[in-house]
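[1] Would you be able to build a 3D model of this:
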Amino acid sequence: MAPILTLTLNPALDIHTSVPELIPTDKMRCSTARYDPGGGGVNVARAVVALGGTAEAVITSGSYSGAHIRTMLGKDGIAVHAVTIANPTRESFTVTEEWTGQQYRFVLPGPHLTSGEEKRCLQAVARCASGADYLVVSGSVPPGCSDSIFAGLARIAEKHDCRLIVDTAGPTLKLVSGAYLIKPSLRELRECVGNSLIDRASQVAAARDLIDAGVSEIVVISYGSNGAMVITFEEATDVASIHVPEGSGVGAGDNMVAAITYALDQGWSLIDAVRFGTAAGAATLLTPGTQPCRRVDVDRLLQQSPR
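    Numbers count the residues shown, from 1 in each chain. The predicted model follows:
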């Protein structure tokens, strides 16, 4: 199988720690920090490899934080195509309050991307896309990106006969066109369409409006611990949730996208691929920090998943 190509325009050096209790103003002594490479496409690439596939990652990279991410990805066996940028790659900080188990995530906006840097990102994707069947664009878009970047990515995917899968923030979904599949959470879908979408019928209608508008052929709405729904022009299919003990949910949606893409690349049906993705998202809660899911956990949870 060809490697799955991912693009992360706004990667992050993820820092995870804990404190006994969150207290305003006081100094809080943290536990030893854990560092992971992060950002949507980075998480997808790592999960694809963890599931047994191969992945290549195009990322922006600036300063020591970008170099640290490149080094860690190399140790994961992922071919990295780094686009050097002037400003430092962002850091994200996650703190768990030990006595409650509550998790607090502090996410920085990321460095400003110049038009030249954006152009070099597209050029890097174009160079790599000829060897891939799937291009996954996942994560937030950094400040400075043009509104036309997703149209450019769609043209590259079409030229190389590569299926485009997109998972990005709700407002940014409006910029997407020509994708094969998008995976918004319910919150992101609401942000995209500017509607509360209080019931299943309105959610299906909103997804089909995006399909009619040429955003994508398939919409997979993620409901987190409540499962997912797969919407095409013809059908809307619910996928049951899989319950696991609470843990770090960082990267769960990205692992879901990775598993869906990997399964489709293996020739699975769409619904079975989303079931596999739901299991992978749940399995991510069983790993520390931003570590990807483990295949053994995904297979076990998939067996427990109701059809």
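[2] So the nearest residue to Val19 once chain neighbours are set aside versus Ala12, what's the distance?
    Among residues not flanking Val19 along the chain, Met28 sits closest, at 4.3 Å (Cβ to Cβ, 6 or more residues apart in numbering). To be clear about C-beta, it is placed using only N, CA and C from the backbone, and glycine gets the same treatment. Met28 sits 22 Å away from Ala12 when distances are taken as Cβ to Cβ, to the nearest Å.
[3] Show me which of these two is the more surrounded one.
    Remark: of Met28 and Ala12, Ala12 carries more neighbours, 26 against 15, as counted by other Cβ atoms under 10 Å.
[4] still on that earlier bit, looks like the residue nearest to Val19 contacts Leu22 (just checking).
    Yes - with contact defined as Cβ atoms under 8 Å, Met28 reaches Leu22; the gap is 6.9 Å.
[5] Could you check which helix or strand contains Val83?
    In the assignment (DSSP states H and E), Val83 maps to strand 79-84.
[6] What is the subsequent helix or strand relative to that strand?
    Under the assignment DSSP H and E, the closest C-terminal helix or strand after strand 79-84 is strand 90-97.
[7] Using PDB, write down the CA coordinates of the following helix or strand past that following strand.
    Using DSSP H and E, the helix or strand that directly follows strand 90-97 along the chain is strand 103-107. Once side chains and other backbone atoms are set aside, the C-alpha atoms of strand 103-107 remain, and they are given as PDB (Å, rounded to 0.1, in the frame of the first residue of the first chain):
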ATOM      1  CA  GLN A 103      -8.000  18.100  32.200                       C
ATOM      2  CA  TYR A 104      -7.300  21.700  31.100                       C
ATOM      3  CA  ARG A 105      -5.900  22.400  27.600                       C
ATOM      4  CA  PHE A 106      -4.200  25.600  26.700                       C
ATOM      5  CA  VAL A 107      -3.800  25.900  23.000                       C
END
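[8] Report the angle between strand 103-107 and strand 90-97.
    Strand 103-107 and strand 90-97 are oriented at 170 degrees to each other (axes from the mean of the first three to the mean of the last three Cα atoms, to 10 degrees).
[9] Now do strand 103-107: distance to the chain's middle.
    Here strand 103-107 is found 17 Å from its chain centre; the criterion is Cα atoms, centre = their mean, to the nearest Å.
[10] Now do Pro306, the pLDDT please.
    On pLDDT, Pro306 comes in at 74.
[11] hang on, I meant Glu246
    pLDDT for Glu246: 68.
[12] And for Ala2?
    In the predicted model, Ala2 carries a pLDDT score of 84.
[13] What of the one 5 residues further on?
    Listed pLDDT for Leu7 reads 98.
[14] So which residues make contact with the helix or strand where it lies?
    Leu7 is part of strand 4-8 when elements are defined by DSSP H and E. The contact list for strand 4-8 (Cβ atoms under 8 Å, 6 or more residues apart in numbering) reads 39-42, 44-45, 48, 53-60, 121, 125, 128-129, 131-139, 153, 162, 258, 261-262, 265.
[15] Got a PyMOL select line for the buried ones in those residues?
    Under the burial definition 16 or more other Cβ atoms under 10 Å, those of the contacts of strand 4-8 that qualify are selected in PyMOL by:
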select buried, resi 39+40+41+42+44+45+48+53+54+55+56+57+58+59+60+121+125+128+129+132+133+134+135+136+137+138+139+153+162+258+261+262+265
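[16] so where's the stretch 1-150 of the chain uncertain?
    Across the stretch 1-150 of the chain, residues meeting the criterion (pLDDT under 70) sit at 1.
[17] All the strands of the stretch 51-200 of the chain, in order from the start?
    If DSSP state E, counting those that start in this stretch is used as the criterion, the strands of the stretch 51-200 of the chain fall at 55-61, 79-84, 90-97, 103-107, 134-138, 163-167, 179-182.
[18] about what we covered before: list the strands paired with the following helix or strand past the strand holding Leu7, with their directions.
    Tracing the chain past strand 4-8, the next element assigned as helix or strand by DSSP H and E is strand 12-19. The strands that strand 12-19 pairs with in its sheet are strand 34-38 (antiparallel), strand 90-97 (parallel) (by DSSP bridges).
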